[in-house]
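Novice: Turn this into a model:
(one chain, ligands or ions: 1)
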Amino acid sequence: MPQTYETLLVERRERVAIITINRPDKRNALNIKTREEGAAALEELRADDSVRVVVITGAGDKAFIAGADIAEFAGRTAVTQRDVMTGQSLFTAIDSFPKPVIAMVNGYCLGGGCELAMACDLRIASERASFGQPEINLGIIPGGGGTQRLTHLVGEGKAMELILTGEIINAQAAHAIGLVNMVVLHEELEAKTMELANRIAEKSPIALRLAKEAVKTAARSSLDEGLRREIDLFALCFSSEDKDEGVKAFLEKRKPEFKGQ
Ligand code: COA
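Specialist: Residues are numbered from 1 along each chain as shown. Coordinates of the predicted model:
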């Protein structure tokens with residue numbers, strides 16, 4: 001039975017689930033409730049075998065997510081803030097989610113919004129989207145993985161520039177530095193994202209999961225460790241029925257029908 005949430009909408013379209021952060025009046029800023037509900041929605045979708053790919057977006061036509069809810073920062077102690085960040089982290093839940101997660105970036109993608117998008121596996125941006133880590137303007141630094149994931153994605157030089165200046169860049173500039181995978185016309189954002197999501201959703205869910213894990217390992221280990229891990233994960237594919245189906249379908253010159261087994 002699908003759950004309902006106060007700050008999000010969860011919709012299933014065949015094999016793709018779409019989570020929409022639904023606080024357009026606050027530019028979809030991430031408050032504690034949204035973070036908790038986001039993690040809960042992912043738990044729900046993790047257990048649903050009919051869902052093969054998850055898309056995350058923001059409600060309204062202005063923002064993907066304009067960052068952490070700044071109103072919640074006022075008067076907050078260091079200990080409380082640390083608990084918020086280290087508790088059930090939405091970013092970690094996305095990062096370790098066993099299915100591909102795509103950020104469909106429809107507008108402002110700032111601070112925690114940019115961090116959330118970077119925790120996703122792929123980012124598709126509307127030409128109207130803008131990106132940045134403006135925390136420095138509040139006298140703080142990114143705390144949801146921004147200093148690490150941005151550096152991995154775009155390199156130290158560009159990450160340093162964005163984080164030290166708090167500069168906001170447009171979608172084309174984000175694409176040029178490798179922060180987003182593709183930029184599309186605003187009116188085509190949903191169609192192009194769903195096209196990509198559906199294309200990925202046809203693959204073996206087991207292979208997708210292992211591929212995601214293998215790629216994530218690259219940023220977190222030495223090359224030697226990563227190569228060893230890749231061999232283990234590659235070998236694990238050989239225990240799946242999906243691998244038998246994929247190979248058989250190729251030899252029979254037909255499209256494979258992956259069951260996730
Ligand atoms: N946290 C809390 N509230 C936020 C918010 C955030 N990160 N971003 C926007 N809002 C709220 C505004 O306070 C305003 O609320 P109000 O109507 O109750 O006054 C509402 O969303 C609309 O914001 P507004 O600034 O009027 O919209 P805009 O379209 O002119 O500008 C932004 C949008 C995103 C450029 C601007 O809101 C902004 O700079 N937000 C903060 C971005 C940021 O620093 N993020 C990092 C946080 S660590």
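
Novice: now the helices for the stretch 51-200 of the chain?
Specialist: 78-86, 90-95, 112-119, 146-154, 156-165, 171-176, 189-201 (DSSP state H, counting those that start in this stretch).

Novice: can you list contacts of the third one?
Specialist: In this case it means helix 112-119. Outside helix 112-119, the residues that touch it by CB atoms under 8 Å, 6 or more residues apart in numbering are 28-30, 56, 58, 63-68, 90-92, 94-95, 101, 103, 105, 109, 123, 131-133, 142, 144-146, 149-150, 153, 179-180. For glycine as for every other residue, the C-beta is placed from the backbone atoms N, C-alpha and C.

Novice: hmm, back to that, can you say which of the helices of the stretch 51-200 of the chain is nearest to the ligand?
Specialist: helix 112-119 (5.9 Å; CB to the nearest ligand atom).

Novice: hey, C-alpha coordinates of the closest one in PDB?
Specialist: Coordinates of each C-alpha in helix 112-119 appear next as PDB, following Å, rounded to 0.1, in the frame of the first residue of the first chain:
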ATOM      1  CA  GLY A 112      21.800  21.000   0.100                       C
ATOM      2  CA  GLY A 113      19.900  20.800  -3.200                       C
ATOM      3  CA  CYS A 114      23.100  20.500  -5.200                       C
ATOM      4  CA  GLU A 115      24.400  18.000  -2.600                       C
ATOM      5  CA  LEU A 116      21.300  15.900  -3.000                       C
ATOM      6  CA  ALA A 117      21.600  16.100  -6.800                       C
ATOM      7  CA  MET A 118      25.300  15.000  -6.500                       C
ATOM      8  CA  ALA A 119      24.300  12.100  -4.300                       C
END
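
Novice: before we move on, the earlier item: turn the helices of the stretch 51-200 of the chain into TSV, including distance to residue 51, mean neighbour count and mean pLDDT.
Specialist: What follows is these, written out as TSV (distance: least, CB to CB, whole Å; neighbours: other CB atoms under 10 Å; pLDDT from 0 to 100):
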stretch	distance to residue 51	mean neighbour count	mean pLDDT
helix 78-86	27	12	83
helix 90-95	14	20	95
helix 112-119	18	28	98
helix 146-154	24	18	97
helix 156-165	32	16	98
helix 171-176	28	18	98
helix 189-201	9	18	98
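
Novice: Can you lay out those as TSV showing distance to residue 47?
Specialist: Formatted as TSV, the helices of the stretch 51-200 of the chain follow (distance: least, CB to CB, whole Å):
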stretch	distance to residue 47
helix 78-86	24
helix 90-95	13
helix 112-119	20
helix 146-154	26
helix 156-165	35
helix 171-176	33
helix 189-201	17
